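Peer 1: pasting the structure only:
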């Protein structure tokens, strides 16, 4: 395992400044909708409330870190377009994540009233507006990826749409949520739990990595592709194992959301299945897998990806 | 206005055979999700229930009719890829329409229990599965547009994603639904009602036309672009005016859904604003506008578009 003096905090601050600015500029900031009508204004407000001022932005950071890992040897004229595509991909992944939280918190799903220390969208704006805000955020994610007159190659834009759609859809996040719904009160095997989380959380995290890797001139080598895919899979699963751990070990003030709710809702988790100690060891094992995948790649510039994996596993909120 | 011996019924049957087959093949037909888990199976079932075996497929027909109107003078080698892109665009527009109906019927929105003569998705599968099925259908729409290894130019794929996302999002369908929600019990002006419907229904109908027109080798002429945009706008509005008329003049057996619900919910409609007679005249005026827009274009092959406009305005269900 390579060791570096990489400063994640500094790198993240720089990237997040771009991401937050872009989200603020791009998420329903203005637009052609007639401002005399209160409803689109309320819809825009709900969308912005769901996205801005909150969240660790892990998915955007993964996109941008993966873009960094593949952005070597490209023509200088290609860089601006690919950097813009990566920033758009970063924001689009966050919009998909944000919409999923809005819908997931609704009464017919998890019925949660607190998110990132604030009332959830349906509590603040009503259920119907929450439903529509989530729907509109999903559409906006794909709109962001395909701007008119973009300098990014159209093939990159199309690939980004495909990766995001697959990560979000029934063979990804939505499929995982459906398994989650049906699993309440059931005794899942470890294989079944892993399958659920690979879809529910893992698909979009891995998809974020692969979207960043798609922002590249020319094709990725098969070795690099496999390495990033394996890194994303291990990191995605590690994220959920740690989430399950924090749900029992953290408190609401640290976590910014209701704690202990998995157990209260009788949902299967890694902690309920493996216990706390084995879950913690498993998270470290997945971290090692993620880093080993990068070691096996021919990618020269993976410091940010490494540091993010470490942060995911060793975070406290 | 040109007169033709165009046989819409025959043309539609041919197109719908392709569309229905494609939808059945592409909508959650199988996939990598582990079949031991009941939930993705239930999710797939909900998605298929929402999409298959029902609906006039107006949006797919508009996509394919617009593709026909622009498919002249292209290289023989380009045709297969563009035809495939148009079929995918046709299905993607239908998926967005289908998802919007699923969410619109939910208790927090219109709370409707009957759709196309069948129980609505949330009645059949539960609210949470309906929410997820709608979400997954939207993602699938964008996945369909960007298949790996497609023969269609990547620029066409990216344009299709942008057009669909804009039509579906907060400056399109979702925005219109938000206005609709906020308008219950309000006395809207005709301008405000038009604005709402241009977004709520018009954006996706017009977007379908523009998606079909994007399935073309090279750029569309500015004249043709403007003609199709104007055609789509007039047709989109006409569709809603006729919908409002049918809501008071039709019966549930013909319409396949609850009738009189606009008045019961105290929603503003063209009939409540203009009365039945003036609404009927307005629909005919919009039809004339749609046809005049095509007359002003340099497009040679607009029979299907013309016949569809006529069908939209003179339909009885």
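Peer 2: Nice, I can see it. Note that this is a predicted model, so its numbers are computed, not measured.
Peer 1: Can you give the distance from the helix or strand residue A:134 falls within to the centre of its chain?
Peer 2: Following DSSP states H and E, one finds residue A:134 within helix A:127-145. In terms of Cα atoms, centre = their mean, to the nearest Å, the centre of helix A:127-145 is found 16 Å from the chain centre.
Peer 1: go on, stretch A:223-242?
Peer 2: Taking mean C-alpha positions (Cα atoms, centre = their mean), stretch A:223-242 and its chain are 13 Å apart.
Peer 1: Buried ones in it, by neighbour count?
Peer 2: A:224-225, A:227-228, A:230-242 (16 or more other Cβ atoms under 10 Å in any protein chain shown). Yep, even glycine has a C-beta here, placed from its N, CA and C like the rest.
Peer 1: Let's see which of those residues end up in helices.
Peer 2: A:224-225, A:227-228, A:230-242 (DSSP state H).
Peer 1: returning to what we had before: I'd like the average pLDDT over the helix holding residue A:134.
Peer 2: For helix A:127-145, mean pLDDT is 97.
Peer 1: Could you name the helices and strands sitting against that helix?
Peer 2: helix A:38-51, helix A:76-104, helix A:121-125, helix A:154-168, helix B:76-104, helix B:127-145, helix B:154-168, helix B:173-183 (3 or more Cβ pairs under 8 Å, 6 or more residues apart in numbering or on different chains; DSSP states H and E).
Peer 1: mind checking which of those is nearest residue B:212?
Peer 2: helix B:76-104 (5.9 Å; Cβ to Cβ).
Peer 1: Return the mean pLDDT over the helix or strand just after the closest one, rounded to an integer.
Peer 2: Next along the chain after helix B:76-104, taking DSSP H and E as the criterion, comes strand B:114-115. Average pLDDT, strand B:114-115: 90.
Peer 1: Each with direction, which strands does strand B:114-115 pair with?
Peer 2: strand B:118-119 (antiparallel) (DSSP bridges).
Peer 1: Identify the residues contacting the strand it pairs with?
Peer 2: Applying Cβ atoms under 8 Å, 6 or more residues apart in numbering or on different chains, the external contacts of strand B:118-119 come out as B:54, B:113, B:124.
Peer 1: and if you look at stretch A:227-237?
Peer 2: Under Cβ under 8 Å, 6+ apart, the answer for stretch A:227-237 is A:62, A:66, A:69, A:194, A:197-198, A:201-210, A:213, A:220, A:286-287, A:289-290, A:293-294, A:296-297, A:299, A:305, A:308-309, A:312.
Peer 1: circling back: tell me which of the helices and strands packed on helix A:127-145 is the most buried.
Peer 2: helix B:127-145 (a mean of 28; mean count of other Cβ atoms under 10 Å in any protein chain shown).
Peer 1: That helix to helix B:38-51, inter-axis angle?
Peer 2: 70 degrees (axes from the mean of the first three to the mean of the last three Cα atoms, to 10 degrees).
Peer 1: tell me the mean pLDDT over stretch A:234-252?
Peer 2: 90.
Peer 1: go on, stretch A:51-60?
Peer 2: pLDDT averaged over stretch A:51-60 gives 91.
Peer 1: That one near chain B anywhere?
Peer 2: No. Figure legend: stretch A:51-60 not in contact with chain B (Cβ under 8 Å from any Cβ of the partner chain); closest approach 12.2 Å.
Peer 1: got a list of contacts for that stretch?
Peer 2: Outside stretch A:51-60, the residues touching it (Cβ under 8 Å, 6+ apart) are A:15-16, A:19-20, A:23-24, A:27, A:90-91, A:93-98, A:115-118, A:137, A:204-205, A:208, A:239, A:256, A:308, A:312.
Peer 1: Enumerate the positions of it that are buried.
Peer 2: A:51, A:55, A:57-60.
Peer 1: Now flag whichever of these is closest to residue B:7.
Peer 2: residue A:51 (49.8 Å).
Peer 1: Report the separation between that closest one and chain B.
Peer 2: Distance, residue A:51 to chain B, by Cβ to the nearest Cβ, to the nearest Å: 12 Å.
Peer 1: Return the residues of the stretch 1-150 of chain A in contact with chain B.
Peer 2: A:28, A:31-34, A:36-40, A:42-44, A:47, A:99-100, A:103, A:106, A:108-109, A:126-129, A:131-132, A:134-136, A:138-143, A:145-148, A:150.
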